[in-house]
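Student: Got a predicted model here, sequence first, then my questions.
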Amino acid sequence: MNFTLKQLRYFDAALRNGSIARAAVEMNISQSSITAAIDMIEQCVGAELFRRVPAKGIVATQVGKRVGDRVSAFLDTARVFESDLMSLTGDPTGTLRLGCYAPTAPYVLPPILSRLAQRYPGIRIELAEGDMTTMADLLHSGGVDLALTYQKDPVKGLPFDQLFEAHPWALLPNSSPLANKPSVSLHDLAELPMILLDLPLTEEYFCSLFEELGLEPNVVHSTKSSSVLRGLVASEFGYSILNICGPNDRDGRNGYRALPISDSFFSPALGLAYVEGLKGSAIVSAVRNITRELKAECAFDHLIMQPEFRKTA
């Protein structure tokens, strides 16, 4: 093998950026170094891996895409290997690529990241946020090492450490006659105007809550942002349903109140998903240990519906 690990990183940067110039900026080296790395790997493979397109940068050939997939997977393995080596004589050190289902990030990430920073200052965090499908894609492709997400398709089958079950909450404007009740039922909500969180898998899930009882929601607005959703509820455009609600969602100060839903039996599990091959990684083990500690300390209990509001089957 005539190419180096550094040259593989240059090649990967060129592939991801679609540009030698942008790759050079990312890697903080000269464009000629990027070009030399590509030339070396092309010589070793014996095929053209990129086509140079004037004024547009570079485009990977079919062989280039296949080589790129293998290079990316190898670099992920090398990154974990390097981190584990550095951790042999001390605390875990290196880069952790952590994914998080975006609507839950403000609620579940802070205690985890705070504990990580205090205990393992040598761990650098690269965060990726997105919907549940994005989290699954990143896990399977090696884009993240772990992901905080729900245990739903398509992450089923991956190792999963459950943190808690997330029972659905109804968000109601303060002006709603239902807002002063201790809890609310899906029967109360079905005919009211609903604002839907419109992300992959969420519409299917929220509609299934009603279908379970032979009901159908009256969806009048949809948004991909949980922040916008809260603003629309506060502005009295309708109610909504979310599975993660903090104390600030329940006190009415923001123009709405979150109430537990009493007649829904389905509470999806939220936790830490990862791939089997990283189970022994020092950094992954450190994060798993911290999340287990936080769970034992009831650090997420303020997000969970109190047992007295749950309807028993």
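Tutor: Arrived safely, thanks for sending. What you are looking at is a predicted structure, and each value in this text was computed from that prediction instead of being measured.

Student: name the helices or strands packed onto the longest helix along the chain?
Tutor: Counting residues, the longest helix found in the chain (DSSP state H) is helix 62-87. Helices and strands touching helix 62-87, as assessed by 3 or more Cβ pairs under 8 Å, 6 or more residues apart in numbering; DSSP states H and E, comprise helix 5-17, helix 31-45, strand 94-101, helix 282-296. For the C-beta atoms, the positions are set from N, CA and C on the backbone; glycine is no exception.

Student: The same query, at a cut-off of 7 Å, please.
Tutor: helix 5-17, strand 94-101, helix 282-296 (3 or more Cβ pairs under 7 Å, 6 or more residues apart in numbering; DSSP states H and E).

Student: Quick one: residues in contact with the first one.
Tutor: Under the criterion Cβ atoms under 7 Å, 6 or more residues apart in numbering, residues 20, 23, 26-27, 33-34, 37-38, 40-41, 58, 60, 68, 71-72, 74-75, 78 lie in contact with helix 5-17.

Student: try 6 Å
Tutor: With contact meaning Cβ atoms under 6 Å, 6 or more residues apart in numbering, helix 5-17 is reached by 20, 23, 26-27, 34, 37-38, 40-41, 60, 68, 71-72, 75.

Student: Mind checking what secondary structure residue 180 has?
Tutor: The local conformation at residue 180, judged by DSSP: H, G, I helix; E, B strand; the rest coil, is coil.

Student: give the contact list for it.
Tutor: Residue 180 makes contact with no residue under the criterion Cβ under 6 Å, 6+ apart.

Student: helices and strands of the protein: which one has the lowest mean pLDDT?
Tutor: Ranking every helix and strand in the chain by mean pLDDT, DSSP states H and E puts helix 62-87 at the bottom, with a mean of 78.

Student: tell me the angle of it relative to helix 282-296?
Tutor: Angle of helix 62-87 versus helix 282-296, following axes from the mean of the first three to the mean of the last three Cα atoms, to 10 degrees, is 70 degrees.

Student: leaving aside the residues next to it on the chain, what's closest to residue 128?
Tutor: residue 99 (4.6 Å; Cβ to Cβ, 6 or more residues apart in numbering).

Student: Same question for residue 14.
Tutor: residue 23 (4.2 Å).

Student: Give me the angle between the helix or strand containing the one you found and helix 5-17.
Tutor: According to DSSP states H and E, residue 23 maps onto helix 20-27. Angle, helix 20-27 to helix 5-17, by the same axes, to 10 degrees: 120 degrees.

Student: CA atoms only for helix 20-27 - export them in CSV, please.
Tutor: Extracted in CSV, the C-alpha atoms of helix 20-27 (Å, rounded to 0.1, in the frame of the first residue of the first chain):
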residue,chain,number,x,y,z
ILE,A,20,-10.5,20.3,-4.4
ALA,A,21,-10.4,23.9,-3.2
ARG,A,22,-13.1,23.4,-0.5
ALA,A,23,-11.3,20.2,0.6
ALA,A,24,-8.0,22.1,0.9
VAL,A,25,-9.7,24.7,3.1
GLU,A,26,-11.3,22.1,5.3
MET,A,27,-8.1,20.2,5.8
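
Student: mean confidence score for it?
Tutor: Helix 20-27 carries an average pLDDT of 87.

Student: contacting residues for the residue nearest to residue 14?
Tutor: 13-14, 17, 34.

Student: what's the neighbour count on residue 153?
Tutor: 12 (other Cβ atoms under 10 Å).

Student: do the same with residue 70
Tutor: Residue 70 has 10 nearby residues by other Cβ under 10 Å.

Student: ditto for residue 181
Tutor: So residue 181, with other Cβ under 10 Å, has 16 neighbours.

Student: Relative to the whole chain's centre, how far out is stretch 196-215?
Tutor: Put simply, stretch 196-215 sits 20 Å off its chain's centre (Cα atoms, centre = their mean, to the nearest Å).

Student: Make residue 1 into 542 and carry on from there
Tutor: New numbering, starting at 542: the last item is stretch 737-756.

Student: Same question for it: list its buried residues.
Tutor: The neighbour-count check on stretch 737-756 (16 or more other Cβ atoms under 10 Å) flags 737-740, 743, 746-748, 750-751, 756 as buried.
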